[in-house]
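Student: Next comes the sequence, and after it the predicted model I'd like to discuss.
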There are 2 protein chains.
Amino acid sequence: MDDHLHTTPAERRRLQVREAIVSAAEEVFSQEGEEGLSIRRLADSINYSPAAIYKYFGSKEELLDELKESFFGRLVEHIHATGDGEDGYIDRARACFATYIRTAIDKPHHYAAAFAGHALPNALAPGVPEFAETKKGEAFLFLSGMLQEGVDLGHFPQSMDATLAAKSAWAAMHGLSMMLAHMPTFPAFGPDDDTMTPDEFIDFYCDLIIRGLEVDHDRP
Amino acid sequence: MDDHLHTTPAERRRLQVREAIVSAAEEVFSQEGEEGLSIRRLADSINYSPAAIYKYFGSKEELLDELKESFFGRLVEHIHATGDGEDGYIDRARACFATYIRTAIDKPHHYAAAFAGHALPNALAPGVPEFAETKKGEAFLFLSGMLQEGVDLGHFPQSMDATLAAKSAWAAMHGLSMMLAHMPTFPAFGPDDDTMTPDEFIDFYCDLIIRGLEVDHDRP
DNA sequence: TTAATCAAGTAAACGGTGTTTACTTTTTGA
DNA sequence: TCAAAAAGTAAACACCGTTTACTTGATTAA
């Protein structure tokens, strides 16, 4: 229950302050995004000086990275939990897709920031972790494995490359997630506003992706 | 050729300075994105004081909005031009999809910024233009019309809602655009790096979306 | 042509940001 | 108990977007 045996009081205190920082950052970031999260304001909210933050995090970006990565960790957990349902394969796959999107738009700032980071430049810098070591990489591996399972079960054509399909499916899910996160009115413009709820649209969309995968690429 | 007849020298001078601002902003923004674009630096690069910028633009955001909207205008033009090809309908549709993505990733900062703007809050503020009046709205209308044409030509099921399909297709294109814009290594990780060039992947992906639309939603 | 008016442009300041440096206080371990 | 290490901070640095008060230059009316 408590780790008094292997940690000193100082270490425990340090972890406590660190957690206070992360927790306060999490709260303001999830509501106001990166704009609202300033080191000064953050320090003030937990009754420390701004400089104190830098005893725990090398930079604001480092702190933000922790928020993003931990969010993506929860996202992966949600998907894994969804995958444990006992429906048919296609229903399970669609449910996983939908869970990804729903979790993403539940914390729009987290999700968008998780992808907005390293825009163009060197993706393989010395400090940057390998893709496979990140939660994003974990998500991709799960997705790729799930699609391979679909091939093995005969739901997708034997010729389908699961990795390629995973990239496609991921891009597609990412697209709707970003759309719904950034443009609240997206699924409801035009004259026919309420023909579909966002949830219904997500299901429809996931089905669309899966249908696209079911058809063989080399078609008549 | 010249508009000396309907404009005064002062107006022409003003437009010239304004253009210098936009042009300088365009250059640095397309290479470094919003981070690299500061009013002070911009003013310095065109030999004006920072305050001078505010005689032409109410705020930095207003200037950025102009860059984004004009970029999206070029994007729409490219798509229209692509649509004038004389192949079969499906090939034309796929070409339009691909053009959208290729144009988007050609100016990744512009494209990302065009969607990153109004994150969560009031999308229908007094200053914000109606969706249909924006270049984005124009793009959506074109897409929607093209898909309706596909229904009429019998390429898509009669039951397909073109608006719904347009939303889906747009989200999907948006997804791959963002992926390729922000994660250069995206289409080439894993052990099999160079199995496909980005261009080939884009074509494959667009085909996937179209295939998804071709299948009826109420399936066996 | 002269005087008055309006637009263009600017220096300096305001309030904010992330971050670093030099310093003080507190805690720890021998 | 006492030196060393860690925790914490005030103040500064170098930026940022933006506003205010002001000067300079061009335009227009008398």
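Tutor: Alright, I've got the coordinates.
Student: Could you pull out the helices in chain A for me?
Tutor: Assigned by DSSP state H, the helices in chain A fall at A:9-36, A:39-45, A:50-53, A:60-83, A:89-106, A:108-116, A:135-152, A:162-182, A:198-214.
Student: May I see the buried residues of stretch A:174-188?
Tutor: By 16 or more other C-beta atoms under 10 Å in any protein chain shown, the buried positions in stretch A:174-188 come out as A:174-184, A:186-187. For every residue, glycine as well, the C-beta is placed using N, CA and C.
Student: picking up where we left off before, and the helices of chain A: which comes nearest B:Ile53?
Tutor: Proximity to B:Ile53 (C-beta to C-beta) singles out helix A:9-36 among the helices of chain A, at 21.2 Å.
Student: tell me which strands and helices that closest one is in contact with?
Tutor: In terms of contacts (3 or more C-beta pairs under 8 Å, 6 or more residues apart in numbering or on different chains; DSSP states H and E), helix A:9-36 is packed against helix A:39-45, helix A:60-83, helix A:108-116.
Student: How far does the last one sit from its chain's centre?
Tutor: Think helix A:108-116. Mean-position distance between helix A:108-116 and its chain equals 8 Å (C-alpha atoms, centre = their mean, to the nearest Å).
Student: what packs against that helix?
Tutor: Packing partners of helix A:108-116 (3+ C-beta pairs under 8 Å, 6+ apart): helix A:9-36, helix A:60-83, helix A:162-182, helix B:108-116, helix B:162-182.
Student: excluding its backbone neighbours, what's nearest A:Lys60?
Tutor: A:Ile39 (5.8 Å; C-beta to C-beta, 6 or more residues apart in numbering or on different chains).
Student: The one you found: neighbouring residues, count only.
Tutor: 18 (other C-beta atoms under 10 Å in any protein chain shown).
Student: my read: it touches A:Pro50, true?
Tutor: Yes - look at A:Ile39 against A:Pro50 with C-beta atoms under 8 Å: they come within range, at 5.1 Å.
Student: quick revisit: so which of the helices of chain A is the most packed in?
Tutor: Of those, the one with the most neighbours on average (mean count of other C-beta atoms under 10 Å in any protein chain shown) is helix A:162-182, at a mean of 24.
Student: was I right about A:Leu147 contacting A:Leu213?
Tutor: Yes - counting by C-beta under 8 Å, A:Leu213 is a contact partner of A:Leu147 at 7.3 Å.
Student: Now the most centrally placed residue in chain A: closest residue in space, sequence neighbours ignored.
Tutor: Nearest to the geometric centre of chain A sits A:Phe72, at 3.9 Å (C-alpha atoms, centre = their mean). Sequence neighbours aside, A:Lys135 is the residue nearest to A:Phe72 in space, at 3.8 Å (criterion: C-beta to C-beta, 6+ apart).
Student: Contacts only, for that neighbour.
Tutor: Counting by C-beta atoms under 8 Å, 6 or more residues apart in numbering or on different chains, A:Lys135 touches A:69, A:72-73, A:75-76.
Student: can you list residues touching both of A:Leu147 and A:Leu213?
Tutor: Common neighbours of A:Leu147 and A:Leu213 (criterion: C-beta under 8 Å, 6+ apart): A:156, A:160, A:165, A:169.
Student: give the contact list for the nearest residue to the third one once chain neighbours are set aside.
Tutor: Nearest residue to A:Ala165 in three dimensions, chain neighbours excluded: A:Leu147, at 4.8 Å (C-beta to C-beta, 6+ apart). Shown here is A:Leu147, whose contacts under the criterion C-beta under 8 Å, 6+ apart are A:93, A:156, A:160, A:162, A:165-166, A:169, A:213.
Student: quick one: low-confidence ranges for chain A?
Tutor: A:1-5, A:117-128, A:187-194, A:217-220 (pLDDT under 70).
Student: rewinding a little: residues contacting the residue nearest to A:Lys60?
Tutor: For A:Ile39, the contacting residues are A:50, A:53, A:60, by C-beta under 8 Å, 6+ apart.
Student: Now do the contacts for the first one.
Tutor: Residues in contact with A:Pro50 (C-beta under 8 Å, 6+ apart) are A:39-40, A:43.
Student: What residues does chain A have near DNA strand D?
Tutor: Contact residues (C-beta under 7 Å from any atom of the strand) of chain A with DNA strand D: A:10, A:14, A:17, A:47-52, A:54-55.
Student: go again using 6 Å as the cut-off
Tutor: Residues of chain A that fall close to DNA strand D, judged by C-beta under 6 Å from any atom of the strand: A:14, A:17, A:48-52, A:55.
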